[in-house]
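[1] model the structure of this input:
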Amino acid sequence: MAVLEVGISLGPHNLIERKYYTSSEDVLDPNLRAGFLSALESFTTEVFGDDIHVVSLASYKLVCYTEIIISPDSDDQHIIKEPLLNYAIIEKETDAQVVKEHLKQISTYFLNRYSRNDLFSKKTKHFQKFQQRIDEILGDLRLKTEDRFRSIF
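    Modelled structure (predicted):
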């Protein structure tokens, strides 16, 4: 049971990507992943009128928590909205609901720390310090079972 990766993207732009376990097979560009998740979120919202919560794959699950952010460039006539998508890639047996609660907390802290102007104008490097806060929120959820046992002994 572990969170393998956590990320935050604003629309198709990756803001934070935090990997806890790497794979030589994983060569997907973070912005490509953010674009895919943004398109998937838009599709589910438009077609089903709903948000993505959990996408189950053969070996992993993708857990998402989304908040809609209004761009600082919006005015009364043109409101620009972007999804702030918090996601986690987890092992199949990890409890998705527990992870989703952690993603909500990550989102709350993230939005309290950074302004809308920061979200829409700053580069990825600006948000890197927030990775430590993500680690604190997730705690031992980011460790595989064998790593938890190893830390005890």
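
[2] pretty sure Asn86 contacts Leu62?
    No - here Asn86 lies out of contact with Leu62, judged by C-beta atoms under 8 Å, at a distance of 11.4 Å. For glycine as for every other residue, the C-beta is placed from the backbone atoms N, C-alpha and C.

[3] so where's this protein shaky on pLDDT?
    Low-confidence segments of the chain, defined by pLDDT under 70: 1, 23-29, 45-52, 145-153.

[4] ok, Asn86 and Leu62, which is more surrounded?
    Asn86 (26 against 18; other C-beta atoms under 10 Å).

[5] which elements pack onto the helix or strand hosting that one?
    According to DSSP states H and E, Asn86 maps onto strand 81-91. Packing partners of strand 81-91 (3 or more C-beta pairs under 8 Å, 6 or more residues apart in numbering; DSSP states H and E): strand 3-10, helix 30-48, strand 60-70, helix 96-113.

[6] CSV for the ones you listed, including distance to Asp135?
    As requested, those are exported to CSV (distance: least, C-beta to C-beta, whole Å):
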stretch, distance to Asp135
strand 3-10, 9
helix 30-48, 18
strand 60-70, 17
helix 96-113, 10
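
[7] closest one to Thr22 among those?
    strand 3-10 (8.9 Å; C-beta to C-beta).

[8] tell me what that closest one is packed against?
    strand 13-19, helix 30-48, strand 81-91, helix 96-113, helix 130-138.

[9] quick one, that strand and strand 13-19 angle?
    Interaxial angle, strand 3-10 versus strand 13-19 (axes from the mean of the first three to the mean of the last three C-alpha atoms, to 10 degrees): 170 degrees.

[10] so strand 3-10 versus helix 96-113, what angle?
    Using the same axes, to 10 degrees: strand 3-10 against helix 96-113 is 40 degrees.

[11] quick check: angle from strand 3-10 to helix 30-48?
    Going by the same axes, to 10 degrees, strand 3-10 makes 70 degrees with helix 30-48.

[12] restricting to C-alpha, output strand 3-10 in CSV.
    Coordinates of each C-alpha in strand 3-10 appear next as CSV, following Å, rounded to 0.1, in the frame of the first residue of the first chain:
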residue,chain,number,x,y,z
VAL,A,3,1.4,6.4,-3.0
LEU,A,4,3.9,6.2,-5.8
GLU,A,5,3.5,9.7,-7.2
VAL,A,6,1.7,12.9,-6.4
GLY,A,7,1.2,15.9,-8.7
ILE,A,8,-0.6,19.2,-9.1
SER,A,9,-1.5,20.6,-12.4
LEU,A,10,-3.4,23.7,-13.5
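
[13] good, wrapping up.
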